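> here is my input; please provide its structure:
(one chain, ligands or ions: 2)
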Amino acid sequence: MAASLPIPIYTSLDEVYSSLGTATNHAVRWNDLAEEFENRFGRKPAFIARAPGRVNLIGEHIDYALFGVFPAAVERDILIACAPRSASSYASYTPASNEPSMEQERGRVADPEPLHLPGFVVAENLRHEKYPRKTFAPMRGMSTSKLLDEPTEEDVRAEEWMLDIDKGRLAWESYVKAGYYGVLNRFFPPTSLVTTTNPHPIPVDMLVTGTVPAGSGLSSSAAMVVASTLAFLAVNGKLQGISKGELVEMAMENEQRVGVNSGGMDQAASVISTTNSALHITFFPKLAAEPIPLPGSVSSSAASSHAVFIIANSLVVSDKVVHSKTRYNLRVVETLVSARILALRLGISVGKNEKVTLREVLGRWLGAKEVKGGQEEVDVEKLRDGLERIGEEVEKLRPEGKGDEEELGVTLGEMIQMSGLSEEEFNELYLSWVNVEATHFQLYKRSKHVFSEALRVLQFRDVCLRSATSSITTQSTLEELGALMNESQESCSKLFECSCPELDELTRLAREAGAYGSRLTGAGWGGCTVSLVAESDVDSFISKIKKAYAPYHNLEGEALHEVIFATKPSSGACVYKFE
Ligand code: NG1
Ligand code: MG
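Ligands and ions are numbered 1, 2, ... in the order given. Reported below is the predicted structural model:
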């Protein structure tokens, strides 16, 4: 329902600010950005696209197993001001007589820049010392990155636009390019270049700014990709009629271009969120998002307890792109393989070429019918019941009889044997589309985490809904939510092994400082924690953490606020159109 709404397009800045629904003075940033755009590019921007980061309250590493998650957008966001470059020079461009050289296409010729080329982008960042100016143009090429899906022969033959994304390195413009991909390939199929009557992508100038810390688990990457997708849609006049759900799907596919095989939580949270609510996002059998009011946010009773979510950055940078082979992508593979093997052990049939997910296996185990293009929906009650019962079945994946080796998991050879596939089939299905490095794989621990975490998401949702209907938030409501967050942290740390000593320490300190619950948020291995804290305790909580967590000792004022702050659910992505 929420996913089928159109992307909000505002034509007055006051409308924008009130949509953000917070007391922060946004005007400064938005006006500064527009002014700076004018300074640099000599004309006003045509649009500003906004996409927020998100905090995941509960439901970690289960989106790519297609289980529901529970994030909320944060106030910190990415803004991209943009405008088409000189429509007149663009209109006079004729590809037949003016085909660009490869070097030009790649944007590698510095002087003069081929500014008139179709789709040529000049991308600048307000923090240009850290994120230098980049120019690039799309090239026509072969599709190589059909990631989660099996490429068909047709895919392999198909031409598409390429943007030369460096997957081995984290570069700011990669995310701008990633957003551009979907817009180019959806609206300007390269074959259209052969005729001069077909429209070409517009050359564009853009200026980016952001307040979402990078590599911190608040999804600066998804915010960048969503904002970039929106900016390119707007500049090319393709925004009308795009629903939030479609934007999420484009942004998900786009972000995978950077080389991380993520699920869709971050993009959905960044696009669909609304103020005052978290989002219960489900991915199966199709993308759906249900806003759930958070305790305290709907209550007017003086007797009720108010609580806020506090984000604290461990200051360990979690670079998912650089470590993708041994961390994130490895978890995606482990989770997928565990689904196949569990299905076999439960007597559930799985097609040879089918990359079945744990959510689908649960559905089949519960007797959900296969329908065209997927599986019939299972209601929340049944799902909760299934998740409560399947925990026992997961024991079937325990690598028993291996003594000390048990901790290590299974080897590639053992895993292939258990999968019922030949080595070749296995490699093709699970390893050909992803780069992973490991000697041992954890199927038992990973799937145990996924099912228990999926159950905690439903329990968290239940508690929030219950408190919203009674419109009173009691101490015990907050304790229940906190306990679920603590269990999630334990499971992330011990079973999914995506925590790190600093995150374990920071969440422990948060509990000692009075939080109802505390956990890592986002991919983990560094980045931020989220803690549920009584509103009246916020200041003392922050000062206790400052004293106790060594990396904060020397931070004061703004610098401290940068790393530890309370957050309220913000609204999702939007576009401001200059008139
Ligand atoms: P972060 O940490 O925000 O990059 C990543 C994935 C999510 C999800 C979480 C773990 C991306 C873009 N996002 O989030 O889809 O799997 O980890 O729950 O990689
Ligand atoms: Mg990310």
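> looking at the protein, which helix is longest?
Longest helix in the chain, counting residues (DSSP state H): helix 444-470.
> need the residues that contact the next helix or strand after that one.
Per DSSP states H and E, the first helix or strand lying C-terminal to helix 444-470 is helix 475-494. Residues outside helix 475-494 that contact it (CB atoms under 8 Å, 6 or more residues apart in numbering) are 57-61, 295, 305, 307, 445, 448-449, 452-453, 456, 459-460, 463-464, 466-467, 498-499, 503-504, 507, 511, 515-520, 524, 530-532, 534. Heads up, the C-betas are built off the backbone N, CA and C, glycines and all.
> one more time with 7 Å, if that's ok
58, 60, 295, 305, 307, 449, 452-453, 456, 459-460, 463, 467, 498-499, 504, 507, 515-520, 524, 532 (CB atoms under 7 Å, 6 or more residues apart in numbering).
> now swap in stretch 278-293 and tell me
2-3, 57, 63, 66, 68-72, 245, 248, 263-265, 268-269, 272-274, 276-277, 294, 359, 374-375, 377, 461, 464-465, 468, 569.
> residue 423 touches residue 413, doesn't it?
No. The pair formed by residue 423 and residue 413 falls short of the contact definition of CB atoms under 7 Å, at 8.4 Å.
> report the contact partners of whichever residue of the stretch 101-250 of the chain sits closest to ligand 1.
Closest to ligand 1 within the stretch 101-250 of the chain is residue 219: 3.5 Å, counting by CB to the nearest ligand atom. Residue 219 sits next to 53-54, 266, 270, 522 when contact means CB under 7 Å, 6+ apart.
> which one of the residues in the stretch 401-550 of the chain is closest to ligand 1?
Using CB to the nearest ligand atom, the closest approach of the stretch 401-550 of the chain to ligand 1 is made by residue 522 at 2.8 Å.
> phi, psi for that residue please.
Reported as degrees, to the nearest 10, the phi and psi values for residue 522 are phi 90, psi -160.
> look up how far residue 538 lies from the residue lying closest to it once chain neighbours are set aside.
The shortest distance from residue 522 to any non-neighbouring residue, by CB to CB, 6 or more residues apart in numbering, is to residue 217 (2.5 Å). Using CB to CB, to the nearest Å, one gets 21 Å for the distance from residue 217 to residue 538.
> which one's more surrounded, those two?
residue 217 (29 against 16; other CB atoms under 10 Å).
> tell me the contacts of the more buried one?
Contacts of residue 217 by CB under 7 Å, 6+ apart are 318, 520-524, 527-528.
> that one: which element?
Applying DSSP H and E, one finds residue 217 in no helix or strand.
> ditto for residue 205
Judged by DSSP H and E, residue 205 forms part of strand 204-210.
> I'd like the distance from that strand to the chain centre, please.
21 Å (CA atoms, centre = their mean, to the nearest Å).
> is the helix or strand that that strand is followed by up against ligand 2 anywhere?
Per DSSP H and E, the first helix or strand lying C-terminal to strand 204-210 is helix 220-235. Yes. Residues of helix 220-235 contacting ligand 2 under CB under 5 Å from the ion: residue 221.
> what's near enough to touch the residue of the chain at minimum distance from ligand 2?
Nearest to ligand 2, among the residues of the chain, is residue 221, at 3.4 Å (CB to the ion). Counting by CB under 7 Å, 6+ apart, residue 221 touches 175, 255.
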